[in-house]
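**Q** Just need the structure, nothing else, for what follows:
(one chain, ligands or ions: 1)
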Amino acid sequence: MSMRVLVSAASRHGSTAEVATEIASVLAGAGLDAGVASPDDVHSLDGWDAAVIGSAIYVGHWLAPARDLVERLAPELAVRPVWLFSSGPVGDPPAPDEEPEDVVALVELVHARGHQVFAGRIDRKELGLGEKVITAALRVPEGDFRPWTDVRTWAEGIARDLVSAQGADPGAEAGEGPQEGTS
Ligand SMILES: Cc1cc2nc3c(=O)[nH]c(=O)nc-3n(C[C@H](O)[C@H](O)[C@H](O)COP(=O)(O)O)c2cc1C
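**A** Take a look at the predicted model:
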């Protein structure tokens, strides 16, 4: 049986949700059993062997549903391989280039194996009035800056880590220890 990997990301305007879907599709392509769920719908990690959790960045912070997910399930996450990602910086080069403020603590809380920041997307016509005011005042550039090749490369690295961990445990596949003459 292949490892089950949960991919869950908080998204306000959909672009980070699409990054999560792409990560899950790379993991599935590598032979893992990947599933995508919205953070508010994840109440337990029963049945999941590993997790990739992400959020869009708004005003320097993760969105509440993703932060809450990591905090609520911290004990379960801490005993599984976990990776975090953020999607936010826009422009060429993407800015701002600081990590979102709350993520350092979340990485420590669940002993995440990594945290990756990806550039995001701003589609002005999707923004609410307050968001339009903020992005105009800060002269935030509009456009889709999501680095799909980097996203896929990052997900392939996760798949490699998980698949090699699986291969390192001879009991994981057979269920009753190593057997001769089978593969
Ligand atoms: C009001 C507003 C504030 C933002 N603040 C930040 C920020 O502090 N840091 C950052 O990297 N990106 C920031 N962004 C960019 C978003 O993170 C980016 O547009 C992201 O791709 C949105 O993801 P979503 O479509 O999943 O909501 C901001 C965008 C808006 C509209």
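
**Q** residues near residue 32, how many?
**A** Residue 32 has 22 neighbours, counted by other C-beta atoms under 10 Å. Quick note: C-beta positions are derived from backbone N, CA and C, even for glycine.

**Q** give me phi/psi at it?
**A** The phi/psi pair for residue 32 (degrees, to the nearest 10) reads phi -90, psi 160.

**Q** Pull the contacting residues for it.
**A** Residues in contact with residue 32 (C-beta atoms under 8 Å, 6 or more residues apart in numbering) are 2-5, 159, 162-163.

**Q** The longest strand seen in the chain: which residues count as buried?
**A** If you go by DSSP state E, the chain has its longest strand at strand 50-58. Residues 50-57 are the ones in strand 50-58 that count as buried (16 or more other C-beta atoms under 10 Å).

**Q** Among the contacts of residue 32, which lie within helices?
**A** Among the contacts of residue 32, DSSP state H puts 159, 162-163 in helices.

**Q** For PyMOL, write the selection for the buried entries among those.
**A** Buried subset of the ones in helices among the contacts of residue 32, written as a PyMOL selection, criterion 16+ other C-beta under 10 Å:
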select buried, resi 159+162+163
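
**Q** any chance of the buried residues of strand 50-58 in a markdown table, plus distance to residue 153 and pLDDT?
**A** Formatted as a markdown table, the buried residues of strand 50-58 follow (distance: C-beta to C-beta, whole Å; pLDDT from 0 to 100):
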| residue | distance to residue 153 | pLDDT |
| --- | --- | --- |
| 50 | 18 | 98 |
| 51 | 19 | 98 |
| 52 | 14 | 99 |
| 53 | 19 | 98 |
| 54 | 16 | 98 |
| 55 | 20 | 98 |
| 56 | 21 | 98 |
| 57 | 21 | 97 |
